[in-house]
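Novice: have a look at this fold, sequence not included:
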């Protein structure tokens, strides 16, 4: 019988069993079995399997016995770093949920900025010659037309920040220091002794004079019953403080819009001569405008007193 020892162990086993069943007698079967066991003992795989079994048994025994530094660690928590190193026992770490920062769910609303507005504090301490000249023009026009110069300054500041070249971006193309509409300025020119003069919106002196004239006109409209187009009538202001606010509201929204708000206040059983009663029926933008102008007026007055 020719045996190829270069074949695998299983192939040799099958070969011997086959030979024992066909060519050898039944009395020779034990010898064949002994020879199979001999081949198994000579197989290079047998030594490697024995080593693996011995190492596995040792690791299982180590896992059952807690280590000196990590008592009570379950067997499932060990891992191998490298074949030459002993098993590492890693304790289970529970996350501390109390230390996780909570995110604020609220979102703050962004503030809207007026692009062409200049903060009042910058205007008050602005010593540039052009700004000072415009303030002087407003003081002179207020004294001439009987309008509080501090109120005139506050309106001009809210409208343009004393910029004689300002043009509004609201689609109406209001111009100049007081941001007058071309139609309003032209009407004011016709009512004044400057009727023959052409309208120059970016001329500071003319724009300031027309702007303060318009403020005086609005004071007159709301200081006595006045008839307006579209069957609207104004109600006299209850006092000087209400008169200023009604005039400022009309400078922003138009006298007709304020007169309509007065009628709504009267129908609601409120005093239409009080600005506080009329305020609720005005556009939100107009209410904010009146608040801004009155706040700037107070700042100008504080600056003058200091």
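Specialist: Looks like it came in fine. Small disclaimer: the values here were computed from a predicted structure and weren't measured.

Novice: list the buried residues for stretch 254-270?
Specialist: 254, 255, 257, 258, 259, 260, 261, 262, 263, 265, 270 (16 or more other C-beta atoms under 10 Å). C-betas here are computed from N, CA, C, even on glycine.

Novice: repeat for stretch 197-215
Specialist: Quick answer for stretch 197-215 (16+ other C-beta under 10 Å): 199, 201, 203-204, 206-215.

Novice: and the contacts of it?
Specialist: If you take C-beta atoms under 8 Å, 6 or more residues apart in numbering as the criterion, stretch 197-215 is touched by 133-134, 137-138, 141-142, 144-145, 147, 151-152, 155-156, 159, 164-165, 175-178, 180, 182, 184-186, 188-189, 191-192, 194, 247, 251.

Novice: any of these buried? List them.
Specialist: Looks like those have 134, 137-138, 141-142, 145, 147, 151-152, 155-156, 159, 164, 175-178, 180, 184-185, 188-189, 247, 251 buried, using 16+ other C-beta under 10 Å.

Novice: so which of those residues are in helices?
Specialist: 134, 137-138, 141-142, 145, 151-152, 155-156, 159, 184-185, 188-189, 247, 251 (DSSP state H).

Novice: quick check: the spatially closest residue to residue 167 that is not a sequence neighbour vs residue 254, distance?
Specialist: Distance criterion C-beta to C-beta, 6 or more residues apart in numbering; nearest residue to residue 167, sequence neighbours excluded, is residue 175 at 5.4 Å. Computed as C-beta to C-beta, to the nearest Å, the residue 175 to residue 254 distance reads 17 Å.

Novice: where are the low-confidence patches of the stretch 151-300 of the chain?
Specialist: Applying pLDDT under 70 to the stretch 151-300 of the chain flags residues 194-196.

Novice: over to residue 269: give its phi and psi.
Specialist: Main-chain torsions, residue 269, degrees, to the nearest 10: phi 80, psi 20.

Novice: for it, give me its contacts.
Specialist: No residues are in contact with residue 269 under the rule C-beta under 8 Å, 6+ apart.

Novice: run a quick neighbour tally on residue 242.
Specialist: Number of residues near residue 242 (other C-beta atoms under 10 Å) recorded here: 19.

Novice: that one against residue 273, yeah?
Specialist: Yes. The pair residue 242 / residue 273 is scored as a contact, 6.4 Å apart, by C-beta atoms under 8 Å.

Novice: show me what contacts the closest residue to residue 168 other than its chain neighbours?
Specialist: Leaving aside its sequence neighbours, residue 168 sits nearest to residue 174 (C-beta to C-beta, 6+ apart; 4.1 Å). Taking C-beta under 8 Å, 6+ apart, we find residue 174 in contact with 159, 167, 168, 180, 181.
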